[in-house]
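Engineer: Requesting a structural model of the entry that follows:
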Amino acid sequence: MPSSDGIYTVTRELHDRRSGEIIGYTVVLRADAVDQRIRGIMLVEIEGHAADRVIRALGGLPEVSNIHTTNGRWDLVVELGTASLPDFDAVLRRIRLIAGIMGSETCLLLATPRTTRA
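Structural biologist: Okay, here's the model as predicted:
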């Protein structure tokens, strides 16, 4: 609700969240409104039992926004974002040096014509 000075508050929403009616919420921004203009998905193959170690290492990188386990040829799906292509290249190099990573494939996200996140 807008207050008299034009600042929006979420008092009611927070109250509803505490009462259990709202279990979570998020803000979805246009991709071009975010600092991480270069976004991509990295598919990662892990050797043996190194998954926990690799996930911990990936989780420590600020460029990594999400890590998903999956089935099939790849073990992890990693969502990445950086401000520039050289930064993106640098983070890919750092990730590929993590012990336990056997292989990877990366796809740049060019556009998001539709999102289901709300």
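Engineer: Alpha carbons only: can I get stretch 108-118 in PDB?
Structural biologist: Presented in PDB, the C-alpha positions along stretch 108-118 are these (Å, rounded to 0.1, in the frame of the first residue of the first chain):
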ATOM      1  CA  LEU A 108      24.100 -18.500 -22.800                       C
ATOM      2  CA  LEU A 109      20.600 -17.300 -22.100                       C
ATOM      3  CA  LEU A 110      19.900 -14.800 -24.900                       C
ATOM      4  CA  ALA A 111      16.400 -13.700 -24.000                       C
ATOM      5  CA  THR A 112      13.500 -14.600 -21.600                       C
ATOM      6  CA  PRO A 113      10.300 -14.100 -23.700                       C
ATOM      7  CA  ARG A 114       8.200 -15.600 -21.000                       C
ATOM      8  CA  THR A 115       8.700 -16.500 -17.300                       C
ATOM      9  CA  THR A 116       6.600 -18.600 -15.000                       C
ATOM     10  CA  ARG A 117       8.100 -17.000 -11.900                       C
ATOM     11  CA  ALA A 118       5.800 -14.700 -10.100                       C
END
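Engineer: Give me the mean pLDDT for the longest helix anywhere in the chain.
Structural biologist: Longest helix of the chain, by residue count under DSSP state H: helix 85-96. Throughout helix 85-96, pLDDT has a mean value of 97.
Engineer: I'd like the next helix or strand past that helix.
Structural biologist: The helix or strand immediately downstream of helix 85-96 is strand 101-109, counting by DSSP states H and E.
Engineer: Give me the angle between that next one and helix 85-96.
Structural biologist: Here the directions of strand 101-109 and helix 85-96 differ by 160 degrees (axes from the mean of the first three to the mean of the last three CA atoms, to 10 degrees).
Engineer: Which positions in strand 101-109 come out as buried?
Structural biologist: Applying a neighbour-count criterion of 16 or more other CB atoms under 10 Å, one finds 101, 104, 106 buried in strand 101-109. Heads up, the C-betas are built off the backbone N, CA and C, glycines and all.
Engineer: For Gly48, state which of the residues you listed is nearest.
Structural biologist: Ile101 (11.6 Å; CB to CB).
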